[in-house]
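**Q** Can you look at this prediction? I've put the sequence above it.
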Amino acid sequence: MKLHSARLGTGHLLSGSAIDRSRPIQFRLDRRVIHGFAGDTVLSAVLASGIDTAGHRDGQPIALTSRHAPSIAPSVQAKDPHAALPMERTQAHDGADYVTLAPRLKRNLPTRLLKRDSHSLHLDLGASDALTRPWLGRPGDPGPTGDLVVIGGGVAGMSAALAGTKNGLRVLLLEASTRLGGHARLFGTMEGEETPDAAITRLTQAVAASSKITTLTSAEVFALRPGKLRLHQVELLDGVPRGRVLDVTAPHIILATGAFERLPVFSGNRMPGVIGSLEAFDLAQLYGIWPGQSAVLATSSSPAYRLALMARDAGITLQRILDSRPQPQSRFIEFAKAYGITQAAGTITGSVAPAPKTRRLTVTPQLALDGFSSAETSIETDRLIASGGWQPDLTLWHMAGGESLWKAASARLEPTTAPPGIALAGSAAGWLTRAACLASGTQAVQHRLGKETKPVVDTLIDPLYETPDAAAPIGTPPDETSQPAYLDGGRGYLARPRHLPSRWPNWLPFATRPEVWSLADTPHPLDIAEIAAGVQLGILPATSAGIVAQERVAMVGVDVEELAPPDKSPLPLPPPYLLGRYANASLFVVAPSEQRLLSPGSLIHIDPDSADPLNAIGVVVRIMDGAAIALVIGTTGQTASLREPGRVIPIRLVAAYSEGMDLAAALGGSASPL
Amino acid sequence: MSLKNADFVIIGSTPLARLVAGLLASVHGKAVVFAGESHAGYHLPRGMDLSVAPITRPETWDLLKPLVAEMLKLLPRIGARGSWSRVDPVLFAEAAAGKEALAHIRHMALAFRHGAEPVGEKALGPRREGVILRDAILLHRPRLEAALDHWLDKLEVHRMAPVETLTMHPDGSAELHSGDQRMAITQTVLADDTALLHHLPIAQWPSLLQRQVTSTIVTEPTKPLAAPVMLQLDAGLALAQQPGRGITAIGAGRIDPFAARLGVLLGRAHDFRQAGQLQYERIATSDSAPAVGRLGATGPDVLAGLGPTGAFFAPAIARWLSGVANPAENAWFGARLVDRQIAPSLVAEVTSP
């Protein structure tokens, strides 16, 4: 494997703003030497080294991405769950020696020798705990306190944090990635706005300068309830990353968790080489990573064109841009035309398959216009950038009890009723423009504090000039031989059922039946993107999408009450479920005619031959101090028969039972009939 | 609306509600409206349907046994083949009261010739005792619901549409409105907890029925349980392990405390992560026995507290609502009327999950 085989050169916008190319580092992962630069995360260095495959599931490779990466741990602490770290949030450091914490594919020696795939981590993704995150089960240590917690360090989150300080609040700003800034850079600038870089720099400096803001980066919140949250942070201690779980409480919480990019649903959508436009942009812009020399871009959203322009400036050959919208208009589209990039409107990705004898992809575009659909000529390429539009990240919102509704016009879940003490800001709240995201940060704080708010205005360019995003494209259902079509690119593997044509009429019992979807039986949490795809595929009614999103969010318990001590009060005699069973029955001490311990529940009959439980006259209720107490219709001295499994035992009603009586005396000196 | 009048409107989304609606229409020739959602394929379950339960009353065992056989004949006939499986559930307890109840349940099961064997600590964990009940029927709600909906359509049971509105009257009758059209319905049946919680007026709320905060938790795949279905008597908690090894747990309490209790119950060997959770209210009866019949003898019919075996009572309930129940059924339902005496209750049961 070549050093930095997936790294772009310098001198353009995708050179890698986070890395210092003058400071090379190397570390080991699963005994492989990985080369990187200071500023890399473990994941970015691994991807830059050309490892693009996490492993295999059902025999098919699945890409390694920031949303689909295993946990790692220092090799000397491989068995210590407390040492687990996320690849994507852990800064790479020189000399480290890590192992992945996931089951590995079982490959015998000949396979290993013959199929030396140096591009894969060789994880067994079919194992139930493949991409486990061990910190999710850890209790939290007390974390920093504040009046306001802002989750998300993009422009909206930083704006909210600064608004909090202006209101005199102590603010805790939590960012999951290794740096503040968010994703505003991909979306460019509208006329009259400051550039995204200028805005991010301005806000970052203001946050750093504020003594009232405590910032935690590499801090991912994984549990949220009104007023409390639990997070996992990778902190650097003497330059060495270490994970910790913290519990934080605060009366006010702002969620500025942004929006994530939907994965269009087509066969092969998680193959190595297929990537979302936001992830491709982040890897290139922060770490200078872009595997291959050519790419096809498939989108339903205009910002992806901006990435195409930047990629072309960096020397990448853009073979085609497929746009699901029939007549897309955008200034970025005009720029792309001016660059001479071939564009195909009303076209989606039909399917992707591995190109024969290479590591390239064969992309089959599909014309999808007004109900007309036809496969186009396939394109062989190094990389497919697939953008399915944007969905507000409401994961924590749902976890805290927030509600949401599916909006057909935008084909996404949008927030409705807020949980107590929690407000949304930025694109998580559904805002589209940077100006609105910035304003919403401030207004969310005002709203939480019960102060006067100003309406947030999302000033969008006229649709004539900027075509709104379309729904995430859905390709043709996979058939027997094609790659799986997943509903999302995260840790779940919910895939669209394959279309298996039957050779027999459907009414015949041996005809091939279509696979039955049952989300209720899926033993994994459902990401919002999977739910959105489920609505588009018709397996989930739009009206239920918000409820299902709440039900199927991956919740972790943080709000645990002390368990009640076991009830030690005396048991009622007879227990309530025996009341009224035998009319005029009363409690007796009973004794068998032979030495034997009786068991509670045994039925008592007058007739030793009777086995009908409806004809029973009583039942042994309890054994107390070795004596059997029965609820029975009878009188003292009467004999009866007791049925135990396999035999009938004669018994005698020795004495009427009363609370506190001397049972041993009643049985004639010995409490035990034995 | 093709009908102008109907005999019954069945409100509810459970298999019991659907079965009662279908049986009233098919077996008893009634004109039926069904008002219930179809969501078992994607919503987390709020209950399970099992042919056994922690039952101590002989008359209930006696009634249930033929009803289970009747259901097993009915299901294939209505196209619900493959919507059930045979399981050997384990009922277990840790507290003294629960262990004592287990002994009564085991003897009662054996008396009705139902296989029941004790299960010890080795399978269940320290200080726990259990009983394995052989050859029980577990209904698979997502598949059954699809089949029952198809059956209801074939029977021309009117399925209430979202655009239609239903107005319930205090005497138990109802009206269904769709635009200018109106359908008069003689009797309303509130056939599940959600229907009761939504439609039962507070003023008519019987003292027997109690609202209980309940949670369902679905776990990610974990190690196999001692049995695919387990019912814990102490806290009325049900566990069902799905084919993918995820566990569906249903029990009283809010989600987080319930998850904590579940963690203690399953122990470190079954360390789990939540794959889904749902908190809701359900109806419990103060004596843990079923509650049926008309509120105040004149209002809507209520079906509550039937527990996991509820769906299996559907044929008897349909007969009873139609006035053609046999004497044993009449006696059983008559003793479990919703306005019965509750202190002391003469039909009290062990708490069911």
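**A** Right, received. Where do you want to start?
**Q** Return the set of buried residues in stretch A:533-545.
**A** A:533-537, A:539-542, A:544-545 (16 or more other Cβ atoms under 10 Å in any protein chain shown). For the C-beta atoms, the positions are set from N, CA and C on the backbone; glycine is no exception.
**Q** Would you mind giving these as TSV with pLDDT and secondary structure added?
**A** As requested, these are arranged in TSV below (pLDDT from 0 to 100; DSSP: H, G, I helix; E, B strand; the rest coil):
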residue	pLDDT	secondary structure
A:533	96	helix
A:534	94	helix
A:535	95	helix
A:536	95	helix
A:537	93	coil
A:539	89	coil
A:540	92	coil
A:541	94	coil
A:542	96	helix
A:544	95	helix
A:545	97	helix
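**Q** Give the other helices and strands that the host helix or strand of residue B:151 contacts.
**A** Using DSSP states H and E, residue B:151 maps to helix B:141-154. For helix B:141-154, the packing partners by 3 or more Cβ pairs under 8 Å, 6 or more residues apart in numbering or on different chains; DSSP states H and E come out as helix B:15-26, strand B:158-159.
**Q** Give me the most central residue, chain A.
**A** residue A:527 (5.2 Å; Cα atoms, centre = their mean).
**Q** how far away is that residue from residue A:487?
**A** In this view, residue A:527 and residue A:487 are 8 Å apart by Cβ to Cβ, to the nearest Å.
**Q** Look up how far chain B lies from the spatially closest residue to residue A:155 that is not a sequence neighbour.
**A** With Cβ to Cβ, 6 or more residues apart in numbering or on different chains as the criterion, residue A:155 has its nearest non-adjacent residue at 5.1 Å, and that residue is residue A:184. Distance of residue A:184 to chain B, computed by Cβ to the nearest Cβ, to the nearest Å: 33 Å.
**Q** do the same with residue A:483
**A** Look at residue A:483 and chain B: by Cβ to the nearest Cβ, they are 22 Å apart.
**Q** I'd like to know how many residues surround that residue.
**A** Neighbour count of residue A:483, defined by other Cβ atoms under 10 Å in any protein chain shown: 21.
**Q** So it sits against residue A:350, correct?
**A** No: contact criterion Cβ atoms under 8 Å: residue A:483 and residue A:350 do not qualify, at 11.9 Å.
**Q** Need the overlap of contacts for those two.
**A** residue A:267 (Cβ atoms under 8 Å, 6 or more residues apart in numbering or on different chains).
**Q** Looks to me like residue B:123 is in a strand.
**A** No: under DSSP: H, G, I helix; E, B strand; the rest coil, residue B:123 sits outside any strand and is assigned helix.
**Q** Can you check the pLDDT for it?
**A** At residue B:123, the model reports a pLDDT of 91.
**Q** what's near enough to touch it?
**A** Applying Cβ under 8 Å, 6+ apart, the residues near residue B:123 are B:90, B:130, B:226.
**Q** circling back to that earlier point, which one of the buried residues of stretch A:533-545 is nearest to chain B?
**A** residue A:540 (5.2 Å; Cβ to the nearest Cβ).
**Q** where are the low-confidence patches of the stretch 451-600 of chain A?
**A** A:506-516, A:559-564 (pLDDT under 70).
**Q** ok, now with 90
**A** Counting by pLDDT under 90, the stretch 451-600 of chain A contains low-confidence ranges at A:459-466, A:476-477, A:479-481, A:497-523, A:539, A:557-571, A:593-597.
**Q** Now do the strands for it: every range, in order, please.
**A** With strands called from DSSP state E, counting those that start in this stretch, the stretch 451-600 of chain A shows them at A:586-592.
**Q** all helices for it, in order.
**A** Ranges of helices within the stretch 451-600 of chain A are A:528-536, A:545-551, based on DSSP state H, counting those that start in this stretch.
**Q** Dump these into a markdown table; add distance to chain B as well.
**A** Formatted as a markdown table, the helices of the stretch 451-600 of chain A follow (distance: least, Cβ to the nearest Cβ, whole Å):
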| stretch | distance to chain B |
| --- | --- |
| helix A:528-536 | 7 |
| helix A:545-551 | 5 |
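**Q** mind checking which of those helices is nearest residue B:66?
**A** Proximity to residue B:66, assessed across these by Cβ to Cβ, is greatest for helix A:545-551 (37.1 Å).
**Q** Please list all residues in contact with the residue in the stretch 1-150 of chain A that chain B sits nearest to.
**A** Going by Cβ to the nearest Cβ, chain B is nearest to residue A:128 of the stretch 1-150 of chain A, at 4.0 Å. Residue A:128 makes contact with B:220-221, B:245, according to Cβ under 8 Å, 6+ apart.
**Q** Which of the residues you listed are buried, as a ChimeraX select command?
**A** Paste this into ChimeraX to select the buried members of the contacts of residue A:128, with burial taken from 16+ other Cβ under 10 Å:
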select /B:220,221
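**Q** Specify which member of the contacts of residue A:128 is nearest to chain A.
**A** For those, the nearest to chain A is residue B:221 (4.0 Å; Cβ to the nearest Cβ).
**Q** Report whether the expected contact of that closest one with residue B:271 is present.
**A** No: using Cβ under 8 Å, residue B:221 makes no contact with residue B:271, being 11.4 Å away.
**Q** circling back: want to throw the contacts of residue B:123 into a markdown table with pLDDT and secondary structure?
**A** A markdown table is the format used below for these (pLDDT from 0 to 100; three-state DSSP):
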| residue | pLDDT | secondary structure |
| --- | --- | --- |
| B:90 | 98 | strand |
| B:130 | 97 | strand |
| B:226 | 93 | coil |
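**Q** Go through the residues you listed and name the one nearest residue A:362.
**A** For the contacts of residue B:123, the nearest to residue A:362 is residue B:226 (49.8 Å; Cβ to Cβ).
**Q** Would you mind listing what in the stretch 251-353 of chain B touches chain A?
**A** Residues of the stretch 251-353 of chain B that fall close to chain A, judged by Cβ under 8 Å from any Cβ of the partner chain: B:255-257, B:259-261, B:263-264, B:271, B:273-278, B:287-288, B:344-350.
**Q** Out of these, which sit inside strands?
**A** With DSSP state E as the criterion, strands contain B:274-278 from among those.
**Q** Tell me which two of these sit farthest apart.
**A** So, these by Cβ to Cβ: farthest apart are B:275 and B:278, at 11.6 Å.
**Q** Report how many residues lie close to residue A:226.
**A** Using other Cβ under 10 Å: residue A:226 sits among 16 other residues.
**Q** Next, the contact list for it, please.
**A** A:253, A:400-401, A:419-422.
**Q** how about 7 Å then?
**A** A:400-401, A:419-422 (Cβ atoms under 7 Å, 6 or more residues apart in numbering or on different chains).
**Q** Buried subset of the residues of the stretch 251-353 of chain B next to chain A, written for ChimeraX?
**A** This is the ChimeraX syntax for the buried subset of these, where burial follows 16+ other Cβ under 10 Å:
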select /B:255,256,257,259,260,261,263,273,274,275,276,277,278,287,288,345,346,347,348,349,350
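**Q** Count the residues that sit near the closest residue to chain B within the stretch 251-400 of chain A.
**A** As assessed by Cβ to the nearest Cβ, chain B sits closest to residue A:399 within the stretch 251-400 of chain A, at 9.6 Å. As a burial measure, residue A:399 scores 22 neighbours (other Cβ under 10 Å).
**Q** Was I right to think it contacts residue A:553?
**A** Yes: at 5.0 Å, residue A:399 counts as touching residue A:553 under the criterion of Cβ atoms under 7 Å.
**Q** which residues are in contact with both of those two?
**A** Among the neighbours of residue A:399, none is also in contact with residue A:553 (Cβ under 7 Å, 6+ apart).
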